[in-house]
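Novice: Curious how this folds, go ahead:
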Amino acid sequence: MAEQHGKALVPQIRFAGFTDPWEQRKLGDELEFLRNNTLSRAELSESEGTAFDIHYGDVLIKYGSVLNLEKAKVPRIMDSAIADRQTCDRLQDGDVIIADTAEDSAVGKCTELCNSKGKMVFSGLHTMPLRPMGEYASGYLGHYLNSSAFHSQLLPLMQGIKVISISRSAMADTTMTVPSVDEQRQIGAFFDRLDSLITLHQRKYDKLCVLKKSMLDKMFPKGGSLYPEIRFAGFTDPWEQRKLGELSNEFKSGEFICADNVSVSGPYPVYGGNGLRGYTTTFNHEGLYTLIGRQGALCGNVNIADGKSYFTEHAVAVKANHLNDTTFLYYLFGTLDLGQYSGQSAQPGLAVSNLVEVEAMVPDKAEQKKISRVFKTVDSLITLHQRKLELLRNIKKSMLDKMFV
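Specialist: Predicted coordinates:
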């Protein structure tokens, strides 16, 4: 069957040279369901053992559309005797594992196996292991079964309220659209390259976040010391203990704004207790400020704002006095775990009167500025890779929508 509702099955975007319509097939005729067992997490290890176990929670959260067993950290069965006793089917490259139970509509998320290198692979709890009965190019099934073109038909088949599931029989009755193996190969290779770029920038982003955390730990004194572990050449004076209120000439909460006056776009950003809240048509602060969230789940979190902005009553606006640097205060506050000073109630809150009394170690303004410049550079790099990640993920989402039928 090559048409749907009278229209040829052709994706919006496809590679040059491919013009034939895709074929529609029943999933149960294309993939056979394999047997799987439930293994206890106590029987698994992160590094030992020759047999891998695929857990549904990892399919939902950690693994992508294609699981490269040569590179990914996948739990292993520690005891070979346990592996030998399993009555489930051993999996192989090209097999797909679908999560059949979850607490949301992520039910049906799939991962395709590759690079198992002959090591035994098992499917675990709340999963459906399937094997193609015909020829499929590497990477095609993993990405196609996760695309909205396929996944949208699963939504009406899901059962349950809090815990949602889909049955094997319902999955077997779904339909697939399939191009030629040559076109599948091009699609699989394209998404493989895209996934590699996403992984590359994710690693760079993660490394920079770890670097920043380490630098914050070493460039600010701890344990009552008057000196940080790492500091710039030419600075030898001990840091001094000061109350936060002594470091600033403005330290107060913002003002209430009606939710109707906050929108997704506008000339001036609105900052609340958890950071950027939206935009509005007026402002109540101008210049560089460090912000402390004073209410909510993220009570004590720290942000920075520059220019004309509106700060709500859930954000404490802090501007340094002439002896200190506002950007430095942003990084300093981030090391202080300010949330610990919130009131013990169902709705945590920070009082300005308590915050101004909190004590911290600070250097002179010249050293503060040096420290600020270093962390601003690191933050710029983190933001750069974060934006590249968001762009690549958006490109992938768009391609998943447009390259499948």
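
Novice: Could you list the domains of the protein?
Specialist: 24-178, 179-239+363-405, 251-360 (automatic domain parsing).

Novice: so where's the chain uncertain?
Specialist: 1-7, 38-50, 77-79, 81-83, 87, 344-348 (pLDDT under 70).

Novice: check contacts around the residue located most distally from the centre of it.
Specialist: Distance from the C-alpha centroid of the chain peaks at Asp237, with 41.6 Å (C-alpha atoms, centre = their mean). Asp237 makes contacts with Pro363, Asp364, as judged by C-beta atoms under 8 Å, 6 or more residues apart in numbering. For glycine as for every other residue, the C-beta is placed from the backbone atoms N, C-alpha and C.

Novice: For Ile292, which non-adjacent residue is closest in space?
Specialist: Val316 (4.2 Å; C-beta to C-beta, 6 or more residues apart in numbering).

Novice: could you measure the one you found against Leu31, distance?
Specialist: 57 Å (C-beta to C-beta, to the nearest Å).

Novice: three-state assignment of Ser214?
Specialist: helix (DSSP: H, G, I helix; E, B strand; the rest coil).

Novice: what comes up buried for stretch 110-125?
Specialist: 110-114, 116, 119-125 (16 or more other C-beta atoms under 10 Å).

Novice: repeat for stretch 140-150
Specialist: Applying 16+ other C-beta under 10 Å to stretch 140-150 flags Tyr140, Leu141, Gly142, His143, Tyr144, Leu145, Asn146, Ser147, Ala149, Phe150 as buried.

Novice: Now do the contacts for Asn37.
Specialist: Gln86, Thr87, Cys88, Phe122, Ser123, Gly124.

Novice: all helices of the chain, in order?
Specialist: Residue ranges of the helices in the chain, as given by DSSP state H, are 27-30, 56-61, 80-85, 140-146, 148-151, 168-172, 181-219, 326-334, 352-355, 365-402.

Novice: Dump those into TSV; add distance to Val302 as well.
Specialist: As requested, those are exported to TSV (distance: least, C-beta to C-beta, whole Å):
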stretch	distance to Val302
helix 27-30	50
helix 56-61	28
helix 80-85	48
helix 140-146	37
helix 148-151	38
helix 168-172	47
helix 181-219	12
helix 326-334	5
helix 352-355	11
helix 365-402	12
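
Novice: Could you look over those helices and pick the most buried one?
Specialist: Of all those, helix 140-146 has the most neighbours on average by mean count of other C-beta atoms under 10 Å, namely a mean of 26.

Novice: what does that one contact?
Specialist: 31, 64-67, 94, 96, 98, 108-112, 132, 150-151, 176-177, 184-185, 187-188, 191, 400, 404.

Novice: what about Cys114, distance to Glu286?
Specialist: 55 Å.

Novice: all strands of the stretch 201-350 of the chain, in order?
Specialist: 240-243, 248-253, 268-272, 275-280, 285-286, 289-293, 302-305, 308-311, 315-320 (DSSP state E, counting those that start in this stretch).

Novice: Please work out which of the ones you listed is packed deepest.
Specialist: strand 289-293 comes out most buried of the strands of the stretch 201-350 of the chain by mean count of other C-beta under 10 Å, with a mean of 26.

Novice: partners of it in the sheet?
Specialist: Strand 289-293 sits in its sheet next to strand 302-305 (antiparallel), strand 315-320 (antiparallel), going by DSSP bridges.

Novice: ok, the spatially closest residue to Asp337 that is not a sequence neighbour to Gln340 distance?
Specialist: Setting aside the residues directly before and after it, Asp337 is nearest to Gly300 in space (C-beta to C-beta, 6+ apart), at 6.8 Å. As judged by C-beta to C-beta, Gly300 and Gln340 stand 7 Å apart.

Novice: Between the two, point out the one with more neighbours.
Specialist: More crowded of Gly300 and Gln340, by other C-beta atoms under 10 Å: Gly300, with 22 against 10.

Novice: In this structure that one contacts Thr335, no?
Specialist: No. Using C-beta atoms under 8 Å, Gly300 is not in contact with Thr335; the gap is 11.8 Å.

Novice: still on that earlier bit, tell me which of the strands paired with strand 289-293 lies nearest to Leu60.
Specialist: strand 302-305 (30.9 Å; C-beta to C-beta).
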